[in-house]
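Asker: Predicted model and sequence follow; I will ask about them next.
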Amino acid sequence: MIWDWGFTLEILPVLAHAAVISIEATLLGFAIAASLGLVLAVVRIAVPRTGWTISVLVELIRSTPLLIQIFFLYFVFPKFGIVLDAFTAGVLAIGIHYAAYCSEVYRAGFDNIHRGQWEASIALNLSSWTTFRDIIIPQAIPPIVPALGNYLVALFKETPLLSAIAVLELMQTAKIIGSETFRYTEPITLVGLFFLAMSLVSAALIRALERLLNRRNAR
Amino acid sequence: MGIRTLVAMLVVSLAVISVLATQATYSLFLPGLLQGAVLTIEIAVLGSLLAVIMGVLAALARMYGPAPLRWLATAYVEIFRGTSALVQLFWLFFVLPQFGVTLDAFLVAVLALGLNVGAYGSECVRGAIQSVARGQWEAGTALNMSRGQMLRRIILPQAFIAMIPPWGNLFIELLKSTALVSLITLSDLAFKAQQMNQNTFKTIPIFTLVLLMYLAMSLTVSIGMRLLEKRASIGLARGKAT
């Protein structure tokens, strides 16, 4: 018997429980990525001469594997006296990694804002903070929401990496079930199906969102 | 980022690696890590090759194939883009043997990463083909060329240039994903790092070297792809009305 339905039903609640951890890690990681990415993109514009430093930083983060960055935070930080538990280290690493990608998305959003908007706010004597908060960000964010959504999905698909530092998310749980019962077929396939379902649903949601935003922008 | 900055970053990272290599704590780990890097490069190169083949085949099947082939290609792309690379790697490594197909870890690594990136690649092949102006097809029709001829002689050579930058990004993604193969017991760069870390607890030198080595490899790919793009677009004025 290659596929055992009884066994499948037995492990389903355990995996569902682990899925909650995966989703938590995704949401926390994305919160870090989205906010840190925005900070990077804003600093680049607001503070002169940081552009090059931020480009290099982004390039450094994007050019090295996320897995190594997770290990780095998990193993190297304790050497400096900062001990992070596995979940925190993992979420932080994923968040920082995707912040680099998100900052580029924000940058594209800011680049699309017409120069005249900046000039107008200078003419109105608005501070650069007010300009960002009230003029630029409200116009720059909506068009890039679908692109950010894609990174949310991509980030979600990276959460299995946390299993490498023994966070009890979906993949780790599936691996434990596999090593205890010597049945890998059901747990790993279920994890795959779970990710597939989530990805397809979120892809559909992002497309719907895109249509909605296009309709609003095409006034 | 400009090609000069990339070259500068590559030179700096190689310089830092060689300076570190002269220091006792670091030089201890370099040979082992380099050994791991060789496996990483092997998997990345073979995986990229498979990814390109799968990407082109899947894109052509989805665009021009008969219905069953189109469905098959769509299923392939959706499945491999919808699940994560690690799940695919584990599935091939742990689940396939239960169906009686046992592949060795190296083959699993190349297959999983190649198929995963190929699925993303098929979308960029499709995009590039669609970006070729409609008039090119019409000109082909006017010259009484067959569909295959047009595709081979007119459309694909132009689409090829549009494909280079996104493929560059994908090759870097693939190179970074090779770190995952350490989790199915292949002794690549990431595996060596972990192993040395567990044996010696010299965490900082080991992971610093590893990050620099991955950086150097990624930058080499970036620079290579930029040069290829430059070379391939000689004599072509893309996007300009002539």
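Answerer: Looks like it came in fine.

Asker: Could you check how many residues crowd around the residue lying closest to residue B:194 once chain neighbours are set aside?
Answerer: Among residues not flanking residue B:194 along the chain, residue B:182 sits closest, at 6.4 Å (C-beta to C-beta, 6 or more residues apart in numbering or on different chains). In short, each C-beta sits where N, CA and C put it, glycine included. For residue B:182, the neighbour count with other C-beta atoms under 10 Å in any protein chain shown is 26.

Asker: ok, residue B:182 - contacts?
Answerer: By C-beta atoms under 8 Å, 6 or more residues apart in numbering or on different chains, residue B:182 lies in contact with A:67, B:188-191, B:194.

Asker: mind redoing it with 7 Å?
Answerer: Taking C-beta atoms under 7 Å, 6 or more residues apart in numbering or on different chains, we find residue B:182 in contact with B:188, B:190-191, B:194.

Asker: can you pull the pLDDT of residue B:232?
Answerer: Per-residue pLDDT puts residue B:232 at 87.

Asker: measure the closest residue in space to it that isn't next to it in sequence to residue B:137 for me?
Answerer: Leaving aside its chain neighbours, residue B:232 sits nearest to residue B:161 (5.0 Å; criterion: C-beta to C-beta, 6+ apart). Distance, residue B:161 to residue B:137, using C-beta to C-beta, to the nearest Å: 17 Å.

Asker: returning to that earlier point: now, among the contacts of residue B:182, which is nearest to residue A:191?
Answerer: Among those, residue B:190 lies closest to residue A:191 (C-beta to C-beta), at 21.4 Å.

Asker: host element of the closest one?
Answerer: helix B:189-200 (DSSP states H and E).

Asker: which secondary structure elements does the helix or strand following that helix contact?
Answerer: Sequence-wise, the next helix or strand downstream of helix B:189-200 (DSSP H and E) is helix B:203-232. Secondary-structure packing of helix B:203-232 (3 or more C-beta pairs under 7 Å, 6 or more residues apart in numbering or on different chains; DSSP states H and E): helix A:51-63, helix A:66-71, helix B:3-21, helix B:24-27, helix B:30-64, helix B:156-177, helix B:189-200.

Asker: Which positions in the longest one come out as buried?
Answerer: Looking back up the chat, that one is helix B:30-64. Buried residues in helix B:30-64, counted by 16 or more other C-beta atoms under 10 Å in any protein chain shown: B:30, B:32-33, B:36-37, B:39-41, B:43-44, B:46-48, B:50-52, B:54-62.

Asker: before we move on, what about the third one?
Answerer: Using 16+ other C-beta under 10 Å as the test for burial, helix B:3-21 gives B:6, B:9-10, B:13-14, B:17, B:20.

Asker: Below-threshold pLDDT in chain A: ranges please.
Answerer: Low-confidence segments of chain A (pLDDT under 70): A:1, A:217-219.

Asker: what about the helices in it?
Answerer: For chain A, applying DSSP state H gives helices covering A:5-46, A:51-63, A:66-71, A:86-111, A:115-123, A:128-130, A:137-158, A:170-181, A:185-217.

Asker: check whether the second one contacts chain B.
Answerer: Spelled out, that is helix A:51-63. Yes - using C-beta under 7 Å from any C-beta of the partner chain, helix A:51-63 reaches chain B at A:55-56, A:59-60, A:63.

Asker: need the residues of chain A near chain B, please.
Answerer: Proximity of chain A to chain B is confined to A:2, A:55-56, A:59-60, A:63-68, A:71-72, A:75-76, A:79, A:157-158, A:160-161, A:164, A:171, A:178, A:184-185, A:188-189, A:191-192, A:195-196, A:199-200 under the rule C-beta under 7 Å from any C-beta.

Asker: Give the burial count for residue 164, as a bare number.
Answerer: If you meant another chain, say so; for now it's chain A. Neighbourhood size, residue A:164 [other C-beta under 10 Å]: 22.

Asker: let's do chain B instead
Answerer: Neighbours of residue B:164 (other C-beta under 10 Å): 18.

Asker: Next: residue A:130.
Answerer: Considering only other C-beta under 10 Å, residue A:130 is surrounded by 13 other residues.

Asker: Leaving out the residues flanking it, which one is nearest to it?
Answerer: With sequence-adjacent residues excluded and distances taken as C-beta to C-beta, 6+ apart, residue A:130 is closest to residue A:121, at 7.5 Å.

Asker: tell me the contacts of the closest residue to residue A:66 other than its chain neighbours?
Answerer: The shortest distance from residue A:66 to any non-neighbouring residue, by C-beta to C-beta, 6+ apart, is to residue A:97 (4.9 Å). Residues in contact with residue A:97 (C-beta under 7 Å, 6+ apart) are A:61, A:66, A:69.

Asker: Closest one of the residues you listed to chain B?
Answerer: Top of the list for closeness to chain B, among those and by C-beta to the nearest C-beta, is residue A:66 at 6.9 Å.

Asker: show me what contacts that closest one?
Answerer: Shown in contact with residue A:66 (C-beta under 7 Å, 6+ apart): A:93-94, A:97, A:158, A:161, B:176.

Asker: Return the member of the helices and strands packed on helix B:203-232 having the minimum mean pLDDT.
Answerer: Across those, helix B:24-27 gives the lowest mean pLDDT, at a mean of 89.

Asker: picking up where we left off before, residue B:227 is nearest to which of the helices of chain A?
Answerer: helix A:51-63 (17.3 Å).

Asker: buried set for that closest one?
Answerer: A:54-55, A:58-63.

Asker: Over to stretch B:136-145?
Answerer: Per 16+ other C-beta under 10 Å, stretch B:136-145 contains these buried residues: B:137, B:140, B:145.

Asker: again, but for stretch B:184-204
Answerer: Under the neighbour-count criterion of 16+ other C-beta under 10 Å, stretch B:184-204 has B:184, B:186-194, B:196-197, B:203-204 buried.

Asker: before we move on, the earlier item: filter the residues of chain A next to chain B down to just the buried residues.
Answerer: Buried members of the residues of chain A next to chain B, counted by 16+ other C-beta under 10 Å: A:55, A:59-60, A:63-68, A:71-72, A:75-76, A:157-158, A:160-161, A:164, A:171, A:178, A:184-185, A:188-189, A:191-192, A:195-196, A:199.

Asker: residues from chain B in reach of chain A?
Answerer: So far as C-beta under 7 Å from any C-beta goes, chain B lies against chain A at B:1, B:9, B:78-79, B:82-84, B:86-87, B:90-91, B:94-95, B:98-99, B:172, B:176, B:179-180, B:183, B:190, B:194, B:197, B:203-204, B:207, B:210-211, B:214-215, B:218-219.

Asker: If any of those are buried, put those into a PyMOL selection.
Answerer: For the buried members of the residues of chain B next to chain A, the matching PyMOL selection, counting by 16+ other C-beta under 10 Å, is:
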select buried, chain B and resi 9+79+82+83+84+86+87+90+91+94+95+98+172+176+179+180+183+190+194+197+203+204+207+210+211+214+215+218+219
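
Asker: looking at the helices of chain A, which is buried most?
Answerer: helix A:66-71 (a mean of 24; mean count of other C-beta atoms under 10 Å in any protein chain shown).
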